[in-house]
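J.: Dropping the sequence and predicted coords here.
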Amino acid sequence: MDRISELPDALLLQILSLVQTKDRVATGLLSKRWETLWTLVPKLDFHLECGSDSEFVNRSLLLHRAPVLEVFSLKVETFQVNPLDIGLWVRTAVDHGVRELKLNYTANEDPIRLPRSFYTCQTLLVLKLKNASLVGFSSSVCFQSLKILHLLSVTYSDEKSLETILSSCSSLKDLVVECCPNDNVFIFTINVPSLQSLSLNRSSKYYPKNCLGFVINAPSLKYLNIRDYRGSFCLAEDMPQLVEANIEVGYEKLDELLGSLTSVKRLSICSTKSNFTQAPCLIGTTTFQQLVHLEICTCKPEWWNLLVCLLTATPKLRVLKLKRTHKDCSKGGCWNEPGSVPDCLLNSLEYFEWRRYKGTKDQSDLVTYILRNSCQLTMVKILTETDEHEEQLEMIKKLAFSPRASNTCQVDFD
């Protein structure tokens with residue numbers, strides 16, 4: 001311990017920042033020098049469970065002497081903590097110029113309400129809230145420095161209050177929103193010109209009467225994730241800088257959403273609705289000129305139609321992956337060859353992968369079609385769902401002698 005004590009304060013503070021606050025405070029018993037050193041660490045994190053001492057949080061904030069509070073993290077899992085104390089702690093953190101604020105309140109279903117001073121904290125760079133209530137603030141809300149915002153199971157006064165908060169985040173780059181049944185928002189409007197990464201999540205437990213959809217205006221967006229089982233739509237303005245999109249939705253129509261993703265380079269899509277009929281109605285005349293990587297979930301029978309539609313709309317596609325991430329409800333779908341061979345098969349497709357392959361006639365026909373028409377194909381990887389050696393061998397035999405447009409194509413079974 002003597003050798004550690006000889007280290008400069010700056011290095012000791014870095015070391016102390018790596019341990020939890022309760023352990024950091026305990027180092028004050030080591031020697032006179034360590035007695036107050038922990039108070040200069042610009043990070044405070046607390047995890048309050050049943051039997052935790054709320055007074056410890058009060059003392060830690062009171063004794064904290066760092067010029068700036070870089071991180072204030074609070075996780076509350078016990079109803080024994082007074083919500084008024086939580087508001088006081090947040091206000092104190094704001095007074096200390098907090099830059100990263102994390103609040104995870106799971107003590108009960110009622111969200112925690114934040115103090116008014118919180119809404120004008122201009123030092124905040126990162127804000128992550130879970131089960132909080134953003135209500136009762138004036139129009140003077142200002143988060144001009146905020147870069148990262150996560151709103152998980154957060155309630156609002158109404159749709160206008162959410163729009164007010166987002167409009168105050170002029171520097172926002174990363175936004176995560178997880179809807180909840182009582183959030184008081186029917187249409188989530190995301191209008192943030194500076195936004196580069198957006199994740200929207202509405203779980204299956206979200207009651208249909210509470211939800212309509214999303215409206216997105218984020219021209220600088222590069223990464224988009226949407227997981228929405230209960231919404232009706234997602235309308236988005238053109239996103240010319242979009243690099244990657246992961247879409248998992250239960251919308252009646254996909255054309256409204258996919259029509260705004262024409263600049264995307266990597267796309268993963270799963271449609272959980274089961275009432276699509278004709279492939280052309282899914283995305284209309286939309287063309288994805290930049291798309292080179294496509295993944296489609298095979299959990300519903302409509303994926304066959306969606307695949308045909310997307311193959312004809314992605315002339316530069318290089319990687320195609322089929323996967324199933326949900327329960328298999330694909331019975332009833334079938335493979336129908338497109339009227340003409342898609343350009344991507346003739347000119348660009350290099351890699352094809354199918355996970356949880358069963359080897360049915362329709363599945364075998366699709367793989368055979370891709371092998372027969374993909375001139376640039378170098379690898380086909382089939383990951384079967386069965387562990388039976390004989391069944392696997394039969395699948396291999398079916399494809400081993402299939403005609404191949406590419407002389408360099410290899411077929412790999414796993």
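T.: Cool, the structure landed.
J.: Start and end of stretch 250-264, how far apart?
T.: One end of stretch 250-264 to the other measures 21 Å (CA to CA, to the nearest Å).
J.: That stretch - what's its average pLDDT?
T.: Computed over stretch 250-264, the mean pLDDT rounds to 86.
J.: List of residues touching it?
T.: With contacts defined as CB atoms under 8 Å, 6 or more residues apart in numbering, stretch 250-264 is touched by 216, 224, 226, 228-245, 247, 249, 267, 271-273, 275, 281-284, 286-291, 306. Just so you know, the C-beta spots here come from the backbone N, C-alpha and C atoms, and that holds for glycine as well.
J.: How far off centre is that stretch?
T.: Remark: stretch 250-264 is offset 18 Å from the chain centroid, using CA atoms, centre = their mean, to the nearest Å.
J.: Could you list the low-confidence segments of the stretch 51-200 of the chain?
T.: Low-confidence segments of the stretch 51-200 of the chain, defined by pLDDT under 70: 51, 139.
J.: the strands in it, which residues?
T.: 71-76, 100-105, 112-113, 126-130, 132-134, 148-152, 155-156, 174-178, 187-191, 197-202 (DSSP state E, counting those that start in this stretch).
J.: re earlier: of the contacts of stretch 250-264, just the buried ones, PyMOL syntax please.
T.: A single PyMOL command selects the buried members of the contacts of stretch 250-264 (16 or more other CB atoms under 10 Å):
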select buried, resi 216+224+226+228+229+230+231+232+233+234+236+239+242+243+245+247+249+267+271+272+282+283+286+288+290+291+306
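J.: Keep only those of the contacts of stretch 250-264 that are in strands.
T.: Among the contacts of stretch 250-264, DSSP state E puts 216, 224, 226, 228, 233-236, 244-245, 247, 249, 267, 271 in strands.
J.: Tabulate those residues (TSV), appending distance to Thr36.
T.: Output for the ones in strands among the contacts of stretch 250-264, formatted as TSV (distance: CB to CB, whole Å):
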residue	distance to Thr36
Ile216	49
Leu224	47
Ile226	49
Asp228	51
Phe233	57
Cys234	53
Leu235	56
Ala236	53
Glu244	48
Ala245	51
Ile247	53
Val249	54
Leu267	55
Ser271	59
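J.: Of those, which is the nearest to Asp412?
T.: Asp412 has its nearest neighbour among the ones in strands among the contacts of stretch 250-264 in Leu267, at 23.9 Å by CB to CB.
J.: hey, what's the closest one bridged with?
T.: Leu267 has these beta-bridge partners by DSSP bridges: Ala245, Leu294.
J.: Please verify my assumption that it contacts Leu242.
T.: No: applying CB atoms under 8 Å as the test, Leu267 and Leu242 come out as separate, 9.4 Å apart.
J.: And the helices in the chain?
T.: With helices called from DSSP state H, the chain shows them at 2-5, 9-16, 21-26, 54-63, 83-95, 159-167, 255-258, 280-283, 303-311, 343-347, 361-373, 389-400.
J.: what's next to the fifth one, contact-wise?
T.: Helix 83-95 is contacted by residues 44, 54, 57-58, 61, 69, 72, 74, 76, 101, 103, 105, 112-115, 117-118, 121, 123 when judged by CB under 8 Å, 6+ apart.
J.: Can you select the buried ones from those in ChimeraX?
T.: Here is the ChimeraX command that picks out the buried ones among these, judged by 16+ other CB under 10 Å:
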select :44,54,57,61,69,72,74,76,101,103,105,112,113,114,115,118,121,123
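J.: Look up which residues are beta-bridged to the residue nearest to Asp414 when sequence neighbours are not counted.
T.: Distances taken as CB to CB, 6 or more residues apart in numbering place Leu383 nearest to Asp414, at 4.8 Å, with adjacent residues excluded. Using DSSP bridges, the beta-bridge partners of Leu383 come out as Arg355.
J.: which residues touch Leu383?
T.: Contacts for Leu383 (CB under 8 Å, 6+ apart) come out as 353-357, 414.
J.: mind redoing it with 7 Å?
T.: 354-357, 414 (CB atoms under 7 Å, 6 or more residues apart in numbering).
J.: Also Cys297?
T.: 269-270, 303, 323-326.
J.: In a markdown table: these, plus neighbour count.
T.: Below are those laid out as a markdown table (neighbours: other CB atoms under 10 Å):
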| residue | neighbour count |
| --- | --- |
| Ile269 | 22 |
| Cys270 | 22 |
| Trp303 | 21 |
| Lys323 | 16 |
| Arg324 | 21 |
| Thr325 | 13 |
| His326 | 13 |
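J.: if you look at the residues you listed, which of them are in strands?
T.: 269-270, 323.
J.: The spatially closest residue to Thr39 that is not a sequence neighbour and Glu100: what is the separation?
T.: Leaving aside its chain neighbours, Thr39 sits nearest to Arg65 (4.5 Å; criterion: CB to CB, 6+ apart). Arg65 sits 19 Å away from Glu100, going by CB to CB, to the nearest Å.
J.: more crowded one of those two?
T.: Glu100 (20 against 10; other CB atoms under 10 Å).
J.: Could I get the contacting residues of the more buried one?
T.: Glu100 sits next to 70-71, 125-126 when contact means CB under 7 Å, 6+ apart.
J.: go again using 6 Å as the cut-off
T.: Taking CB atoms under 6 Å, 6 or more residues apart in numbering, we find Glu100 in contact with 71, 126.
J.: what's the answer for Met239, then?
T.: The neighbours of Met239, taking CB under 6 Å, 6+ apart as the test, are Leu221.
J.: list the buried ones in stretch 10-18?
T.: Using 16+ other CB under 10 Å as the burial criterion, the residues of stretch 10-18 that qualify are 12-13, 16-17.
J.: pLDDT of it, averaged?
T.: 75.
J.: hmm, who's touching it?
T.: Contacts to stretch 10-18, defined as CB under 6 Å, 6+ apart, come from residues 24, 38, 40-41, 43.
J.: Go through the residues you listed and flag which are in strands.
T.: With DSSP E as the criterion, strands contain Lys43 from among the contacts of stretch 10-18.
J.: ok, of the contacts of stretch 10-18, which one's closest to Phe401?
T.: Lys43 (63.6 Å).
J.: how near is the spatially closest residue to the closest one that is not a sequence neighbour to Leu11?
T.: Sequence neighbours aside, Val71 is the residue nearest to Lys43 in space, at 4.3 Å (criterion: CB to CB, 6+ apart). Noted for Val71: a distance of 19 Å to Leu11, by CB to CB.
J.: same thing with Glu353?
T.: Counting by CB to CB, the gap from Glu353 to Leu11 is 48 Å.
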